[in-house]
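In: This is a predicted model, with the sequence first.
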Amino acid sequence: MRTQIAAANWKMNLTLQQGQDLLSNILSKSTSVREGHAVIFAVPAPYLQAAKEIVGDRQNVYISAQNIYSKVSGAYTGELSVEMIKSVGVYHSLIGHSERRDYFGESNQFLAEKVDIALANDVTPIFCLGESLEIRESGKQNEFVATQLEESLFHLSADQITKVIIAYEPIWAIGTGKTASSEQAEEIQKFLREHLASKYGQAISDQISILYGGSVKPGNAKELFSQPDIDGGLVGGASLVADDFVAIIDALN
Ligand SMILES: O=C[C@H](O)COP(=O)(O)O
């Protein structure tokens, strides 16, 4: 059984106090996260340490960065390194969120470097991919996400790929209130798993958690997460509301 994951992405929202209150509130309502499940909070960089302190030694709850740079240290003003996040006890990072790809021009090749630096430093990449509305309407979504996988991840060894969490996020469903139907999401996530299997074999592919992201809400989480190739969600807007995110955690299989 693959790990079933509810991952919150706060994006560029909340003050420190608001973030601390939200996290404490969620953890007080979701007191234990059972084996086989994981709850991850991708918080703004200045809050990583405080968030980590709130989580303490709770089992299966993790704090994540929203981005890392492809180098360990050096003259890269404004960037965040794996060594920095590890120094505050954080061992996860989103990599390749569509907002990073779109607004900051992050290419598949550049993201491959970020994945490499993360894995070389025992940081788990939560690697995001997904197609735009234009690509979806042209019917080329499978081809597009296959290229994203190939160019950023297919250089990894079988051992390395099992350490990556993948999040499929159709750009047209992010923050728009339009969710991919559970059939649409399952269809492409099944394809992603088959594509991983074509490279690494079914046994390896079956170990990789593939999350769905894009307007996940309490009302649709259960149906999405009950699909065979959807192993939880990467949640933006609804992760900013304690009761909503707790309901999404509760919807994990
Ligand atoms: O990282 C999360 C995704 O971008 C989804 O955001 P959303 O739940 O607000 O649509």
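Out: Looks like it arrived, so ask away. Residues are numbered from 1 along each chain as shown.

In: Report the contact partners of G175.
Out: The neighbours of G175, taking CB atoms under 8 Å, 6 or more residues apart in numbering as the test, are S215, G236, G237. C-beta: built from backbone N, CA, C; applies to glycine.

In: Name the nearest residue to whatever residue of the chain ends up closest to the ligand, sequence neighbours excluded.
Out: Closest residue of the chain to the ligand, CB to the nearest ligand atom: G236 (2.4 Å). In space, and not counting its chain neighbours, G236 is closest to N9: 5.2 Å by CB to CB, 6 or more residues apart in numbering.

In: if I pick the one you found, what's in contact with it?
Out: A42, Q66, L94, H97, G213, L234, V235, G236, S239.

In: Same list, those residues, but as a markdown table with neighbour count and secondary structure please.
Out: Compiled in a markdown table, those are given as follows (neighbours: other CB atoms under 10 Å; DSSP: H, G, I helix; E, B strand; the rest coil):
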| residue | neighbour count | secondary structure |
| --- | --- | --- |
| A42 | 27 | strand |
| Q66 | 21 | coil |
| L94 | 25 | strand |
| H97 | 28 | coil |
| G213 | 27 | strand |
| L234 | 27 | strand |
| V235 | 26 | strand |
| G236 | 22 | coil |
| S239 | 25 | helix |
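
In: which bits of the stretch 151-253 of the chain sit near the ligand?
Out: Within reach of the ligand by CB under 6 Å from any ligand atom, the stretch 151-253 of the chain has these residues: E169, I174, G175, G213, G214, S215, V216, L234, V235, G236, G237, A238.

In: try it again with 5 Å
Out: I174, G175, G213, S215, L234, V235, G236, G237 (CB under 5 Å from any ligand atom).

In: circling back to that earlier point, of the contacts of G175, just say which sits nearest to E143.
Out: S215 (24.0 Å; CB to CB).

In: What's the separation between the nearest residue to that closest one once chain neighbours are set aside and L27?
Out: Sequence neighbours aside, T179 is the residue nearest to S215 in space, at 4.3 Å (criterion: CB to CB, 6+ apart). Distance, T179 to L27, using CB to CB, to the nearest Å: 26 Å.

In: could you say which helix or strand contains the closest residue in space to N108 that isn't next to it in sequence?
Out: Spatial nearest neighbour of N108, chain neighbours left out: E151 (3.5 Å); criterion: CB to CB, 6+ apart. In the assignment (DSSP states H and E), E151 maps to helix 141-153.

In: In terms of secondary structure, what does that helix contact?
Out: helix 108-120, strand 124-129, helix 182-200 (3 or more CB pairs under 8 Å, 6 or more residues apart in numbering; DSSP states H and E).

In: Against which helices or strands is the last one packed?
Out: Where contact means 3+ CB pairs under 8 Å, 6+ apart, helix 182-200 is packed against helix 141-153, helix 158-161, strand 165-168, helix 202-205, strand 210-213, helix 218-225.
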